[in-house]
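1. with the sequence up front, the predicted model follows.
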Amino acid sequence: MRVLLLSDINSAHTRRWAISLQNSGIETGIFSLLPPETIELEYLGIKIWHPGLFRKGISDSGLIRKAGYLKAAGFVRRCIDQFKPDILHAHYASSYGLLASVSHFHPFFLTVWGSDVFDFPKSSLLGKAILKYNFRKADRIFSTGRILATEARKYTRKEIGLIPFGVDTQKFAPPPPAGPEGREVIMIGTIKALEAIYGIDDLIKSFAVLCDKMPGRALRLTIAGTGTGEKSLKALTGNLNLSHLVTFTGKIPHDQVPGLLRTFDIFMNLSKHESFGVSVLEASACGIPVVATQTGGLAEVIEDHETGILVPVGDPERAAQAAEQLIADPALRELMGRKGRERVIQLFDWKSNVDTMIREYQEIYRGT
């Protein structure tokens with residue numbers, strides 16, 4: 001079986017799907033609007049195409065206005081002719097979904113990711129019409145979570161399957177037990193893009209409140225990621241006199257994420273909105289309790305007061321209170337971390353997710 005993915009090749013999620021499918025015996029290709037930043041996938045025998053028309057991130061509205069977009073559609077058609085896939089699978093319901101739709105290839109699978117259904121159809125009447133068109137053309141539609149599927153159902157009557165971006169629970173696993181004294185320094189961390197929607201400013205403010213509440217504790221905050229807000233976030237850290245306690249690591253390669261997570265005692269995600277919450281699941285798989293905002297998919301992946309603590313959006317004080325509760329009670333941290341890992345293994349194990357997708361491929365491939 002051959003599957004051609006239409007997706008951003010530089011996304012960790014795209015690379016994970018491609019590698020897992022290839023390793024499962026499915027010949028896999030990728031069409032990406034952007035060129036690859038690394039050549040790792042080519043070493044694995046995964047065929048890659050990109051039109052060379054774009055060099056930076058692409059917004060849907062900007063993309064549709066570009067004359068080069070029509071050239072990209074023609075390029076997809078040529079890729080299909082060369083690769084001769086049995087299934088075309090677009091990841092992202094707007095840009096890549098539209099490229100798949102206008103290729104007129106079937107069977108065509110479509111997976112929604114987040115802003116493609118939360119934001120794109122609300123941007124204009126054209127955006128809404130494009131999304132509905134892509135859903136009509138798709139033979140199967142999938143979502144990474146229930147919240148996202150509910151939003152997608154506003155634009156289609158078709159069934160939407162649930163296949164999360166799960167976690168490799170072998171790679172993402174707890175660290176060895178600490179000594180009887182434990183660690184003196186409490187490490188709080190997050191791994192998110194430094195963009196306004198992810199509430200990193202609220203995290204820094206929350207950490208400032210926490211330091212005031214617990215002056216006798218050695219606390220540190222690690223922020224991993226890059227983005228347009230980096231300069232202003234570092235300035236905020238300085239203004240709050242926290243520069244000596246906060247580390248900005250920059251972008252962390254995905255294969256190094258498990259090691260970084262295992263240095264954390266508490267993971268915090270104070271996003272203003274999240275369609276799913278893979279980073280939270282990765283932290284939970286490592287046995288780390290989570291403090292996160294009660295929004296979108298975060299409320300789906302966290303069991304409140306069981307695997308973590310949910311707090312209101314935009315409330316650094318409440319977030320600090322939740323972190324303080326976990327810091328003051330090591331047994332609670334251990335219990336929530338253990339339950340979090342059990343939940344990930346039960347509901348969000350990556351191998352199970354891949355096996356489910358392959359069964360979907362096989363069902364339509366065999367015509368059953």
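-> Yep, it's here. Numbers count the residues shown, from 1 in each chain.

2. what residues does stretch 198-215 touch?
-> Defining contact as CB atoms under 8 Å, 6 or more residues apart in numbering, one finds that stretch 198-215 is touched by 188, 190, 192, 194, 219, 221, 223, 225, 229, 232-233, 236-237, 240, 242, 245-246, 268-272, 293, 313-317, 319-320, 323-324, 327. C-beta here means a position set from N, CA and C on the backbone, and glycine is covered the same way.

3. please pick the buried ones from those.
-> 188, 190, 192, 194, 219, 221, 223, 225, 229, 233, 236-237, 240, 242, 245-246, 268-272, 293, 313, 315-316, 319-320, 323-324, 327 (16 or more other CB atoms under 10 Å).

4. among the residues you listed, which are in helices?
-> Leu233, Leu236, Thr237, Pro316, Ala319, Ala320, Ala323, Glu324, Ile327 (DSSP state H).

5. the first one touches Thr226, doesn't it?
-> No - checked against CB atoms under 8 Å, the pair Leu233 and Thr226 is beyond contact range at 10.7 Å.

6. hey, what's in contact with both of those two?
-> Contacts common to Leu233 and Thr226, judged by CB under 8 Å, 6+ apart, are Leu194.

7. dump the ones in helices among the buried ones among the contacts of stretch 198-215 to JSON lines, plus distance to Met357.
-> Formatted as JSON lines, these follow (distance: CB to CB, whole Å):
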{"residue": "Leu233", "distance to Met357": "36"}
{"residue": "Leu236", "distance to Met357": "41"}
{"residue": "Thr237", "distance to Met357": "41"}
{"residue": "Pro316", "distance to Met357": "39"}
{"residue": "Ala319", "distance to Met357": "35"}
{"residue": "Ala320", "distance to Met357": "40"}
{"residue": "Ala323", "distance to Met357": "36"}
{"residue": "Glu324", "distance to Met357": "41"}
{"residue": "Ile327", "distance to Met357": "40"}
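
8. out of those, which is nearest to Lys137?
-> Leu233 (40.8 Å; CB to CB).

9. do you know how far that closest one is from Gly227?
-> 9 Å (CB to CB, to the nearest Å).

10. just Glu37 next, same as before
-> 16 Å.

11. neighbour-wise, which of those two wins?
-> Neighbour count, other CB atoms under 10 Å: between Glu37 and Gly227, Gly227 has more, with 15 against 8.

12. quick check, that one in a helix?
-> No - Gly227 is assigned coil when assessed by DSSP: H, G, I helix; E, B strand; the rest coil, not a helix.

13. my guess is it meets Ala193, correct?
-> Yes - checked against CB under 8 Å, the pair Gly227 and Ala193 is within contact range at 4.4 Å.

14. contacting residues for Tyr365?
-> Contacts of Tyr365 by CB under 8 Å, 6+ apart are Met1, Asp86, Ile87, Pro107.

15. and what of Thr249?
-> Thr222, Ile223, Ala224, Gly225, Leu260.

16. backbone dihedrals for it, both of them.
-> phi -90, psi -20 (degrees, to the nearest 10).

17. for Ile223, see how far away it is.
-> Distance, Thr249 to Ile223, by CB to CB: 7 Å.

18. intersection of neighbour lists for those two?
-> By CB under 8 Å, 6+ apart, no residue touches both Thr249 and Ile223.

19. which residues in the stretch 251-368 of the chain form helices?
-> 257-261, 278-285, 298-301, 316-328, 330-347, 350-365 (DSSP state H, counting those that start in this stretch).

20. quick one: low-confidence parts of the chain?
-> 53-70, 178-183, 368 (pLDDT under 70).

21. domain-wise, how is it divided?
-> The record's domain split for the chain, according to automatic domain parsing, is 2-166+349-365, 185-347.

22. can you tell which of those domains is closest to Pro174?
-> domain 185-347 (3.4 Å).

23. tell me how far the closest one lies from the chain's centre.
-> Here the centre of domain 185-347 is set off from its chain's centre by 15 Å, with CA atoms, centre = their mean, to the nearest Å.

24. and the end-to-end length of it?
-> 32 Å (CA to CA, to the nearest Å).

25. contacting residues around the residue nearest the centre of the chain?
-> Nearest to the mean C-alpha position of the chain, by CA atoms, centre = their mean, lies Val278 at 4.7 Å. Applying CB under 8 Å, 6+ apart, we find Val278 in contact with His13, Phe165, Val167.

26. pull out the buried members of the residues you listed.
-> Among the contacts of Val278, those buried by neighbour count (16+ other CB under 10 Å) are His13, Phe165, Val167.

27. lovely, talk soon.
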